[in-house]
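> Pasted the sequence and its predicted model underneath.
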Amino acid sequence: MTDERRDDEILGRALSRAIETIDVNQTPYERSRMATQPARRSIFGLWQIATAAAAIVLALAIGSWLTRPTDQQPGVAASPTTPASASPVSSVAPTASPVVAQSAPIWVYFVRDGLPPIGASIDAHASSAVLSSPEGRIGSRISALANLASGSLPSGATNPASLIARPAPTAGSSHGSMGLFVSTQGDLAKVEFDLSPGWVVRGSAQSLALVQQLVYTITEEPGIRRALITEKGKPNAVIDQLVVDKPLTREDVSGYASSGSVDPLQIAGASTAAELSTSYSVDSLAPGLARFVITFDYGTAGALTDPQFSATLFPATNATSGKDELEITVPNGSDATTTATQVDRSPLRWIAVGKSNSFSAQTYRLGLDDQRPWRAIVLANPTRIVIDIGGDPRAVSDRIAVTSPKAGDSGVAHAPPQFAYDFRLTGAARVFEANVTWRVRDSAGRIVSTSHFLASLGSSALWGTFDTGFSIPAGVHGNVTLEVYEVSPKDGSEQGLVQIPLSVP
């Protein structure tokens, strides 16, 4: 900023000194205009005018020197109006602003032996610019998994993504710490890994677990249902001996032989005790299983009515809680809650309850991780609708769902000596004439025990339940396999086979 008053004063003094040095010819009175009327002529002579002009030029030069810019004094060029080039850097080039990393909770997945992935919330450290795009969020989720401390894992889970962690990227590099390039188109996310040393993971089980974890984590992004994993410079991703050559969905890698039914389920009602299941514990949860129970409040304990309801599975409408929703509509469930509840537990992520129409029909919406198999059971005393979702993939098929024994169980020692161990067998079935068959194979594949039983219901939209037991003969030890299935009434083939590994001491 300049001191204009001071500059004008300095310039004026310089001009005054220059003018004072001009040699002026004094005119005698007798030759002045007052005494005579001489012919009109210039005030100064030619040489006087030239001298004055030279003095003025000199004064201007002196003034310019006196007002030159210095380190302590701003010059004339520093006018009060700031030129465009002096604008703040951040407004001209936003990318030049400091990148501040922030901690934000994100939902990622871990893997478990023989079970579908389990989701959990962890903190991701990334800039707000990165987290503002789908590509950035996907890359941040994978990077967070790769750098997560082992102590932060859910119980019983593993994190194979940590095996492929790479040094931190340099400024301007792609997402994450593994050399990632993420692009999205429609419901597809393509994730290219730059892994010059390879994937590090070894063996088919670990390779499958890594793919399972990556697919679930990538497709957590709202609107993304398919994930294509690629390697830089290669046509396909080759993880040890596993070749990934196409986009994968969660249902492709969940471990279940079948996904949830995409057809609406309509239950007209059950009006007799024979159509209602009673031998089923709603408190015993199997691994990988979520259970939702709707209790009917008719004012009289155990009263039987027609618990009509419908159930439909469809893609999630809640962009932040799960990939799919199961909607159940009943005439008058007992729960009067009207807001969504965040569950934050795999596979049931949130629950919304509300009235669906003016006739007070109640609607329940369950946010789920994926389209894993689900089944509807109606229980009596009191009347309840039980929705079981998922379970151990080894114990669940399209018509059989075993909740116990669980994989790895060893049973209870039994007497007399002809039987070594007893097991309790519970679950649900939807089979012809309610006939369920089971058998046990030893480690060599030989059948050592077999029989059959009846479920509470036969073929219907509802599932029947069972609660029975079986024994393994004495002399059978080590690893055995329980197989439960339906014998086809048409050709005797095995339908809906489930195989549960057990261990006999």
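Looks like it arrived, so ask away. Numbering: from 1, shown residues only.
> Show me the strands in the stretch 151-300 of the chain, by range?
180-185, 188-193, 226-231, 237-239, 242-244, 265-267, 289-295 (DSSP state E, counting those that start in this stretch).
> To residue 413, which of these lies closest?
strand 289-295 (27.7 Å; Cβ to Cβ). (Each C-beta comes from the backbone N, C-alpha and C, glycine too.)
> Tell me the buried residues in the following helix or strand past the closest one?
Sequence-wise, the next helix or strand downstream of strand 289-295 (DSSP states H and E) is strand 309-315. By neighbour count with 16 or more other Cβ atoms under 10 Å, strand 309-315 contains the buried residues 309, 310, 311, 312, 313.
> related to what we said a few turns ago, quick one: which of the strands of the stretch 151-300 of the chain has the weakest pLDDT on average?
With a mean of 62, strand 265-267 has the lowest mean pLDDT of those.
> Let's test this: mean pLDDT of stretch 485-495, rounded?
Mean predicted confidence for stretch 485-495 is 94.
> what's it in contact with?
With Cβ atoms under 8 Å, 6 or more residues apart in numbering as the test, stretch 485-495 has contacts from 399-400, 429, 431-433, 435-438, 496-498.
> Please apply the same query to stretch 436-447.
Contacts to stretch 436-447, defined as Cβ under 8 Å, 6+ apart, come from residues 400, 425, 429, 448-455, 466, 470, 472, 476, 478-487, 502.
> Tell me which of the strands of the stretch 151-300 of the chain lies nearest to residue 113.
Nearest to residue 113, of those and by Cβ to Cβ, is strand 289-295 at 16.2 Å.
> Okay, now the sheet partners of the closest one, with direction.
strand 384-390 (antiparallel) (DSSP bridges).
> can you tell me which residues contact residue 158?
By Cβ under 8 Å, 6+ apart, the neighbours of residue 158 are 110, 111, 112, 209.
> And for the nearest residue to residue 436 once chain neighbours are set aside, the neighbour number?
Closest residue in space to residue 436, ignoring its immediate chain neighbours: residue 429 at 5.1 Å, by Cβ to Cβ, 6 or more residues apart in numbering. By the criterion of other Cβ atoms under 10 Å, residue 429 has 28 neighbours.
> So residue 429 sits against residue 397, correct?
No. Using Cβ atoms under 8 Å, residue 429 makes no contact with residue 397, being 9.6 Å away.
> coming back round to it: kindly reformat the strands of the stretch 151-300 of the chain as JSON lines and extend each row with mean neighbour count.
Formatted as JSON lines, these follow (neighbours: other Cβ atoms under 10 Å):
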{"stretch": "strand 180-185", "mean neighbour count": "17"}
{"stretch": "strand 188-193", "mean neighbour count": "20"}
{"stretch": "strand 226-231", "mean neighbour count": "20"}
{"stretch": "strand 237-239", "mean neighbour count": "20"}
{"stretch": "strand 242-244", "mean neighbour count": "16"}
{"stretch": "strand 265-267", "mean neighbour count": "16"}
{"stretch": "strand 289-295", "mean neighbour count": "18"}
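> Of these, which is nearest residue 362?
That would be strand 289-295 among the strands of the stretch 151-300 of the chain, by Cβ to Cβ, at 8.3 Å.
> if you look at the contacts of stretch 485-495, which of them are in strands?
With DSSP state E as the criterion, strands contain 400, 429, 435, 436, 437, 438, 496, 497, 498 from among those.
> PyMOL command to pick out the buried ones of those residues?
Buried subset of those, written as a PyMOL selection, criterion 16+ other Cβ under 10 Å:
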select buried, resi 400+429+436+437+438+496+498
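> still on that earlier bit, would you convert the strands of the stretch 151-300 of the chain into TSV that also reports distance to residue 255?
Shown next, in TSV, are the strands of the stretch 151-300 of the chain (distance: least, Cβ to Cβ, whole Å):
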stretch	distance to residue 255
strand 180-185	26
strand 188-193	21
strand 226-231	16
strand 237-239	17
strand 242-244	15
strand 265-267	23
strand 289-295	13
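> mind checking which of those strands is nearest residue 321?
Closest among the strands of the stretch 151-300 of the chain, using Cβ to Cβ: strand 289-295, at 13.5 Å.
> List of residues touching that closest one?
282, 285, 309, 328, 330, 333-335, 345-348, 351, 364, 366, 368, 382-392, 403.
> which of the residues you listed count as buried?
309, 328, 330, 333, 346-348, 351, 364, 366, 368, 383-392, 403.
> rewinding a little: which pair of the ones in strands among the contacts of stretch 485-495 spans the longest distance?
Taking Cβ to Cβ as the measure, these have their most distant pair in 435 and 498, spaced 15.6 Å apart.
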